[in-house]
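Novice: prediction below, plus the sequence it came from.
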Amino acid sequence: MFITPHTSAAIWVSTKVSDPFLAFIFSLLSHFILDMVPHGDDNLAEDKKGKEKFLYLLNVASIDMVVSCALVYFYVISHQGINHWVLFWAVFGAWLPDLAWIVIESFRLTSLYWYIVYHAKLHNIFSWQYSIVYGVPFQILVTLTLVKISF
């Protein structure tokens with residue numbers, strides 16, 4: 001799942017709790033729950049190889065991060081009196097599982113590959129998948145729904 005739906009879930013969590021630790025835990029859990037739902041991006045860039053695939057995925061991830069940061073920014077400027085620490089830890093908790101995956105893969109931390117196996121199993125907990133054609137609209141719908149109930 002792209003990071004944007006996870007970010008919108010973190011924003012929603014930050015509206016429901018006032019403790020930064022709980023915001024972190026609930027957002028971390030929300031990440032894994034959202035990842036269990038088939039989301040249609042498992043085969044993203046499957047037709048590309050090597051450097052072309054890396055650059056394509058880097059471009060997609062960059063756009064995803066810009067949209068996620070924009071969501072947080074617009075939430076902060078439109079809500080006076082929010083607890084910035086709660087929001088920070090909620091967003092960090094929502095992003096941590098994917099950040100950990102990237103760090104483990106990038107630095108080839110073989111002693112932590114169990115985490116990648118665990119995370120991948122959550123992505124495939126249901127035996128059915130669907131294409132990106134359905135996955136992107138689904139993720140947009142999840143994001144918009146969570147933004148709507150948060151703002």
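Specialist: Right, received. Where do you want to start?
Novice: where exactly do the helices run in this protein?
Specialist: Secondary structure of the chain (DSSP state H): helices at 3-16, 20-36, 50-78, 84-106, 113-123, 132-150.
Novice: for residue 42, find the nearest of those.
Specialist: helix 113-123 (6.8 Å; Cβ to Cβ). Quick note: C-beta positions are derived from backbone N, CA and C, even for glycine.
Novice: winner for burial among the helices of the chain?
Specialist: Most buried of the helices of the chain, by mean neighbour count (mean count of other Cβ atoms under 10 Å): helix 3-16, with a mean of 25.
Novice: from the chain's centroid, how far away is that helix?
Specialist: What separates the centre of helix 3-16 from the centre of its chain is 9 Å, taken as Cα atoms, centre = their mean, to the nearest Å.
Novice: kindly format the C-alpha coordinates of that helix as CSV.
Specialist: What follows is helix 3-16, C-alpha atoms only, in CSV (Å, rounded to 0.1, in the frame of the first residue of the first chain):
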residue,chain,number,x,y,z
ILE,A,3,2.2,5.6,2.2
THR,A,4,-0.6,8.1,1.6
PRO,A,5,-3.4,6.0,3.0
HIS,A,6,-1.2,5.1,6.0
THR,A,7,-0.7,8.8,6.6
SER,A,8,-4.4,9.6,6.4
ALA,A,9,-4.9,6.8,9.0
ALA,A,10,-2.3,8.4,11.2
ILE,A,11,-4.0,11.8,10.9
TRP,A,12,-7.3,10.1,11.9
VAL,A,13,-5.6,8.4,14.9
SER,A,14,-4.2,11.7,16.0
THR,A,15,-7.8,13.0,16.2
LYS,A,16,-8.9,10.2,18.5
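Novice: report all helices and strands that that helix contacts.
Specialist: The contact analysis (3 or more Cβ pairs under 8 Å, 6 or more residues apart in numbering; DSSP states H and E) places helix 3-16 against helix 20-36, helix 50-78, helix 84-106, helix 132-150.
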